[in-house]
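*Asks:* Sequence and predicted structure, then a few things I'm wondering about:
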Amino acid sequence: MASNIIKYSPDDVIMREGESSTDMFKILSGNAEVYLSYGTENETLLGILQKDSCFGEFGLLLHEKSPYTVIAYSDLLLYRVTEDKIDEFIRENYVNVLHMMRSMAKTMLMQQSHISQLSRELDEKNRINKRIVGKNKEMLKRYIYGN
């Protein structure tokens, strides 16, 4: 297990948005910041992770690139979970796994809500555009045909 323990200092980048990694991490001590668009004008702090929080599950479980950047906020001690150790991690950390499942479920609900809101907004814009296009067609007909 000692080989899976990693130390980070404040401001160290642990994981970068858009980069591939098949490792997941559990915070043993310290705090980490999670960002979208880190280092850009659109940088957004999503949250601060504390002891027993996990991150990197997208890479480990789905082999997807990281959707966020994780930075050490303080001295940080992490337990690295690799694909060959995931079964052991699940058995020994079922509470963390349940927390991750709840977090993922909440994220899915929030995304569904955002998709519904965007669909409603697009529908309204389309209705407005159809009215404008209809009025413009009528004005063009009057102009062209002199009606």
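*Replies:* That came in fine, so what should we check first? Computed from a predicted model, the values in this text were never measured in an experiment.
*Asks:* Just give the closest residue to Thr22, not the sequence neighbours.
*Replies:* Among residues not flanking Thr22 along the chain, Gly59 sits closest, at 5.1 Å (C-beta to C-beta, 6 or more residues apart in numbering). C-beta: built from backbone N, CA, C; applies to glycine.
*Asks:* Let me see the confidence value for the one you found.
*Replies:* Per-residue pLDDT puts Gly59 at 84.
*Asks:* which residues sit in contact with it?
*Replies:* Listed by C-beta atoms under 8 Å, 6 or more residues apart in numbering, the contact partners of Gly59 are 20-24, 65-66.
*Asks:* Now for those, which sits with the most neighbours around it?
*Replies:* Neighbour counts for the contacts of Gly59, by other C-beta atoms under 10 Å, peak at Met24, which reaches 25 neighbours.
*Asks:* And the helix-or-strand element of the chain with minimal mean pLDDT, what does it pack against?
*Replies:* The helix or strand of the chain with the poorest confidence is helix 94-145; it has a mean of 81 (mean pLDDT, DSSP states H and E). Under the contact definition 3 or more C-beta pairs under 8 Å, 6 or more residues apart in numbering; DSSP states H and E, helix 94-145 sits against strand 54-55.
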